[in-house]
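*Asks:* Need coordinates for the below:
(4 chains, ligands or ions: 4)
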2 protein chains.
Amino acid sequence: MPSRSRHNHQKCIRDAVSAAERICVGRGVRLTPLRRQVLELVWSSHAPIGAYEVLELMAGDGARPAPPTVYRALDFLKTEGLVHRIETLNAFVGCAHPEAPHDAQYLICEACGNAVELEIDGLSRQIQKAAAREGFSVGGQTVEVKGKCGDCLGSRVS
Amino acid sequence: MPSRSRHNHQKCIRDAVSAAERICVGRGVRLTPLRRQVLELVWSSHAPIGAYEVLELMAGDGARPAPPTVYRALDFLKTEGLVHRIETLNAFVGCAHPEAPHDAQYLICEACGNAVELEIDGLSRQIQKAAAREGFSVGGQTVEVKGKCGDCLGSRVS
DNA sequence: AGTGTTATGTTATACTATAACAATTTCGTC
DNA sequence: GACGAAATTGTTATAGTATAACATAACACT
Ligand SMILES: [Zn+2]
Ligand SMILES: [Zn+2]
Ligand SMILES: [Zn+2]
Ligand SMILES: [Zn+2]
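*Replies:* Ligands and ions are numbered 1, 2, ... in the order given. Presented below is the predicted three-dimensional model:
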C-alpha cells in the first residue's frame, strides 16, 4: 500500500465517487446529490470524520442542513457499504473496497488520525471459528486497532 | 465455559468484587464504596450496561448521583482493568480476567444482550503482525463480535 | 395529471460524555 | 489531635452524538 501522505488525494476522491456511482447504478439505488456530497466530504481525508463535522463542511455552502439530513445520508452510504463507521471514534470513513459489503478491519493512527482498511488474511474466519467453539453464531465483526502509522513513526521500521 | 444462563450469578458477582478488592489492595489503589457499588452494578448481569443505567440503579437508593460521579468510577474501574467498555454499545461490562489489564475480545449476543470475553488464541499477535507489515505500531485493539449466543440459538450446534 | 414511493426538510428531543469548580474525605506528618 | 497536600466526590452547566416524529418535496410509474 502506498504511503498515505504522498498520493494524489483529489484523484483518490474522484475514484471513490466514480466507483460509488457505478455501484449504485448497478444496484438500482440512488446516489443523490446530497448523498454524493456527503460521500465526497467523508472522503475529503483518510481520517474518519464525525457526522457533525460533515454538517459544518456542508454549512460552508450557506444553507446548513439539520443533523437528520447528514445521518440519513450516512446511513444510506453505510448500508450500501460505501462508508464504514469507526466505533471507537464515532466517526465515518470511506470504504476502500466497496464492491461487496463486508466487515472491515482498521488501523487508526492516533497521531495523524488516518485510518487504513485492512484485510487481515484469515482473521474473519479465525474469529468465526473461535466463536463457533463457544456455540456462538457470528453476525458482524468490529476490529479496530489504534496506534501509530508508518508515516508518523518517521518511516522507520519499528 | 459454562452456559451463562444457569450459573449462580450472585456468586459470580461476589467473586468479581472479591477479586477486585484483592487486586486493588495489591496495587495500592482504593476501591471506595462508590466504586465498589458501581462495579457490583456493572456485574449485575453479563450484559453490558450503560453509564446512565448504572445511574438509574443507584438512584434506587434515594440519592441520585450526577453523571460525572458514575463516569469517574467507571474510568477508575476501566483504568484498573476491572471493567471493559464495549465500543459498539456505549456500555460497560465486568472483566473476566482482571489480574492483568489487557485488550479484550467480546462475543455480544444481539438476542439476550450478554457479552462473553474471549481469548482467541494468537489473534492479538496476528493483528500485530499484520499491522507491522503496514509499518503500523499497535497501541490497543478493539475486537467486538455481534451475533447470537448458544443459549439463544437453543443450544443447537449451528 | 394522478398516485404511491422515496428522499429531504424541520423541529424537538433523547442519549452519551466531559468541563469547571466546590466541598469533602483520606493520609502522612508534625 | 492539628495541619496541609492529595485524592475523591458533589454540583452545575454544557458539549457531543444520534434519533423520533411529522411536513414537504422530488421521483417513478401509470
Ligand atoms: Zn487518498
Ligand atoms: Zn499517522
Ligand atoms: Zn455470572
Ligand atoms: Zn444470547
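*Asks:* C-alpha from now on. contacts and neighbour counts both.
*Replies:* Will do.
*Asks:* What's the local residue count around A:Q126?
*Replies:* A:Q126 is flanked by 15 other residues according to other CA atoms under 10 Å in any protein chain shown.
*Asks:* any idea which helix or strand carries it?
*Replies:* Using DSSP states H and E, A:Q126 maps to helix A:123-133.
*Asks:* CA atoms of that helix as CSV?
*Replies:* Output of helix A:123-133 as CSV, limited to C-alpha atoms (Å, rounded to 0.1, in the frame of the first residue of the first chain):
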residue,chain,number,x,y,z
LEU,A,123,-8.8,-13.2,10.5
SER,A,124,-12.6,-13.2,9.9
ARG,A,125,-12.6,-16.9,9.5
GLN,A,126,-10.5,-17.4,12.6
ILE,A,127,-12.8,-15.2,14.7
GLN,A,128,-15.8,-17.2,13.3
LYS,A,129,-14.2,-20.5,14.3
ALA,A,130,-13.4,-19.3,17.8
ALA,A,131,-16.9,-18.1,18.2
ALA,A,132,-18.4,-21.3,16.9
ARG,A,133,-16.4,-23.2,19.5
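*Asks:* which residues sit against that helix?
*Replies:* Contacts to helix A:123-133, defined as CA atoms under 8 Å, 6 or more residues apart in numbering or on different chains, come from residues A:S137, A:V138, A:Q141, B:L107, B:I120, B:L123.
*Asks:* from the middle of its chain, how far away would the next helix-or-strand element following it be?
*Replies:* For helix A:123-133, the following helix or strand on the C-terminal side (DSSP H and E) is strand A:137-148. Distance, stretch centre to chain centre, for strand A:137-148: 13 Å (CA atoms, centre = their mean, to the nearest Å).
*Asks:* Give the buried residues for strand A:137-148.
*Replies:* For strand A:137-148, burial by neighbour count (16 or more other CA atoms under 10 Å in any protein chain shown) applies to A:S137, A:V138, A:Q141, A:T142, A:V143, A:E144, A:V145, A:K146, A:G147, A:K148.
*Asks:* Phi and psi next, for A:G50.
*Replies:* Main-chain dihedrals, A:G50, degrees, to the nearest 10: phi -80, psi 160.
*Asks:* Repeat that for A:I120.
*Replies:* Backbone torsions for A:I120, taken as degrees, to the nearest 10, come to phi -70, psi 120.
*Asks:* got it, and A:C149?
*Replies:* Here is the backbone geometry of A:C149 (degrees, to the nearest 10): phi -80, psi 170.
*Asks:* Once you drop chain neighbours, what's closest to it?
*Replies:* Nearest-residue entry for A:C149: B:F136, 4.4 Å, with adjacent residues in sequence omitted and distances by CA to CA, 6 or more residues apart in numbering or on different chains.
*Asks:* same thing with A:M58?
*Replies:* Spatially, and ignoring its direct neighbours in sequence, A:M58 is nearest to A:R64 (6.2 Å; CA to CA, 6+ apart).
*Asks:* and the longest helix seen in chain A, is it in reach of ligand 1?
*Replies:* Identified as the longest helix of chain A according to DSSP state H is helix A:9-27. Yes. Helix A:9-27 reaches ligand 1 (CA under 5 Å from the ion) through A:H9, A:C12.
*Asks:* Would you mind listing what in chain A touches ligand 2?
*Replies:* Counting by CA under 5 Å from the ion, chain A comes close to ligand 2 at A:C109, A:A111, A:C112, A:C149, A:C152.
*Asks:* follow-up on the earlier one: return the distance of whichever helix or strand comes after the longest helix of chain A from the chain's centre.
*Replies:* Once the chain leaves helix A:9-27, the next helix or strand it forms, by DSSP H and E, is helix A:33-42. Computed by CA atoms, centre = their mean, the chain-centroid distance of helix A:33-42 equals 13 Å.
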